[in-house]
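*Asks:* Quick one: sequence plus predicted model below, questions after.
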Amino acid sequence: MTEQVKYDTNLAMGLGLISETKILLEAWAPHTSADDLYKTVLELGLFSNVSAYRLRNIVVRCFANRYLVKDGGPAADLKRFLPGIAQPEIAQLFFIYTCRANPILADFIRTVYWSSYESAVDVITKENAEEFVRRAIDDGKTPSRWAEGQIVRMGRYLTGCCSDFVLLGGASTKGRPILPFRISPSVAAYLAHELHFSGVGDNALLTHEDWRLFGLAREDVLEEIKRLSLKGLLIVQAAGDVIRISWKQQNMEALCDVLTQS
């Protein structure tokens, strides 16, 4: 039986951190540890308006947890993409890794955001977010019972992070307005290949939970894959419930070259 992943409070250390992540990726070099990266950016004064304590939390508890996993693979891939990919697309890539590192955020988006969107609800309120957190606590998804103040703050972090990644608009007395959110073709190509190179099989790839961050069910993912095929990025054969994909690129570096040159 798979052990349930417990929610943590790392979102308190930083929400989307889009501009900060871009700076850190530019400063990062392969095989650089979080501690060494922190020392580098501190010495270079790249975050002059941020305290050393806050900067360490950003680097060690946010950036490292999101992008320095798997021997820094995500950071290496994203660093290659930075010069040749548009801001909305790089933000969506950051979004994927932020959700992976913060299961509470990922589950909030898959359940509260998308169920609200599909029900044509206009806003997500702080009460919606706090109720999600309370339900998670009751379901044993936190390591301990969080205090009321912590519940309120976490609800604010969840909606604030969604706003950073443009799933929600700015805060108002009615809540944050729900904005349309659609995966870009380049991000769909990146995610499909990243899952493939991580060892996910072709059929399992269509139902991977990461696609649900963009509101995509299996049939939607198959359509995205077919569109990538039309662009010549891969070859797909689908027969009933069975899908077979021929992957033209042999690694993420090759994919990066193709996407940034197109």
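*Replies:* Happy to help now that I have it.

*Asks:* wouldn't Ile243 be in contact with Leu206 here?
*Replies:* Yes. When contacts are counted by C-beta atoms under 8 Å, Ile243 is listed as touching Leu206 (6.4 Å). Just so you know, the C-beta spots here come from the backbone N, C-alpha and C atoms, and that holds for glycine as well.

*Asks:* Which one of these two is surrounded by more residues?
*Replies:* Leu206 (24 against 19; other C-beta atoms under 10 Å).

*Asks:* re the thing from before, intersection of neighbour lists for Ile243 and Leu206?
*Replies:* In terms of C-beta atoms under 8 Å, 6 or more residues apart in numbering, Ile243 and Leu206 are both contacted by the residues Leu222, Ile225.

*Asks:* Quick one: mean pLDDT for stretch 180-192?
*Replies:* The average pLDDT for stretch 180-192 rounds to 96.

*Asks:* same check, this time on stretch 10-26
*Replies:* 95.

*Asks:* Same check on stretch 255-262?
*Replies:* 83.

*Asks:* That one: which residues count as buried?
*Replies:* Leu255, Cys256, Leu259 (16 or more other C-beta atoms under 10 Å).

*Asks:* Let me know the helix or strand that the first one is in.
*Replies:* Right, the one you point to is Leu255. helix 252-261 (DSSP states H and E).

*Asks:* helices and strands around that helix, which ones?
*Replies:* Under the contact definition 3 or more C-beta pairs under 8 Å, 6 or more residues apart in numbering; DSSP states H and E, helix 252-261 sits against helix 69-81, helix 185-197.

*Asks:* Stretch 125-133 - what's its average pLDDT?
*Replies:* Rounded mean pLDDT across stretch 125-133 is 97.

*Asks:* returning to what we had before: ok, and which of the helices and strands packed on helix 252-261 has the densest surroundings?
*Replies:* Each of the helices and strands packed on helix 252-261 was scored by mean neighbour count; the highest is helix 185-197, a mean of 21, by mean count of other C-beta atoms under 10 Å.

*Asks:* Show residues contacting that helix.
*Replies:* 77, 81, 85, 89, 92-93, 96, 183, 202, 205, 208, 210-211, 224-225, 227-228, 231, 233-234, 245, 247, 249, 251-252, 255, 259.

*Asks:* PyMOL command to pick out the buried ones of those?
*Replies:* Buried residues within the contacts of helix 185-197, by 16+ other C-beta under 10 Å, are selected in PyMOL with:
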select buried, resi 77+81+85+89+92+93+96+183+202+205+208+210+211+224+225+228+233+234+245+247+249+252+255+259
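
*Asks:* and the contacts of helix 185-197, which of them are in strands?
*Replies:* Among the contacts of helix 185-197, DSSP state E puts Leu234, Ile245, Trp247 in strands.
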